[in-house]
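**Q** show me how the following folds:
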Amino acid sequence: MAIDEEIFNTLHDDLDVCRDYIRQIALGMIKGSVSKYPVFIATRGENDIDMGLPVVSRSDFDITWNFNASHLEEFVSKGLVNKDKVADFIKTYRDPEKFMCVFVAEEGAMSFVFMPYDKHRELLN
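**A** Prediction:
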């Protein structure tokens, strides 16, 4: 499912503020053998999501989105990615040195997207 332009633009703008920090977390997860497949969960509602660990709070950075650090294995254990779809997920997963995997947890727009760590306005579903 593609995300709409408003969601993309606000995500991109917020990531301009914290993308380097998120990249450090992703690389730390990989180098620390937590997971080869970091996933950042983006939420902007008032309710906390029971996945991952909070790493960026919108109130701390004056942005729209909160970001939690998670990984593919947690998505599988919580049943959000079916075990029989893991190979497909891994096949579509982008180079984590260049792209962050973001799970947009927005009612009506839940989707995995890949956003580049550089500042180009490019989105890969």
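
**Q** state the distance from the residue of the chain positioned farthest from its centre to Val76.
**A** Largest separation from the mean C-alpha position in the chain: Asp84, at 21.4 Å (Cα atoms, centre = their mean). Between Asp84 and Val76 the computed distance is 10 Å (Cβ to Cβ, to the nearest Å). In short, each C-beta sits where N, CA and C put it, glycine included.

**Q** secondary structure element for Arg70?
**A** Not Arg; residue 70 is Ser. With elements taken from DSSP states H and E, the one containing Ser70 is strand 66-71.

**Q** show me which residues of the lowest-mean-pLDDT helix or strand in the chain are buried.
**A** When the helices and strands of the chain are compared on mean pLDDT, DSSP states H and E, helix 58-61 comes out lowest with a mean of 86. For helix 58-61, burial by neighbour count (16 or more other Cβ atoms under 10 Å) applies to Arg58.

**Q** what's it packed up against?
**A** In this structure, helix 58-61 packs against helix 5-31, with contacts taken as 3 or more Cβ pairs under 8 Å, 6 or more residues apart in numbering; DSSP states H and E.

**Q** so in that sheet, which strands flank the helix or strand that the helix it packs on is followed by, and in what orientation?
**A** Downstream of helix 5-31, the first helix or strand assigned by DSSP H and E is strand 38-43. Strand 38-43 has its sheet partners listed here by DSSP bridges as strand 66-71 (antiparallel), strand 99-104 (parallel).

**Q** what about the residue positioned nearest the centre of the chain, distance to Asp118?
**A** Taking Cα atoms, centre = their mean, the centroid of the chain lies closest to Val102, which sits 2.0 Å from it. Using Cβ to Cβ, Val102 is found at 15 Å from Asp118.

**Q** likewise for Lys91?
**A** From Lys91 to Asp118 the distance is 23 Å (Cβ to Cβ).

**Q** doesn't Gly52 make contact with the residue nearest to the centre of the chain?
**A** No. Contact criterion Cβ atoms under 8 Å: Val102 and Gly52 do not qualify, at 11.7 Å.

**Q** and for the two, which residues touch both?
**A** Taking Cβ atoms under 8 Å, 6 or more residues apart in numbering as the criterion, Val102 and Gly52 both touch 39-41.
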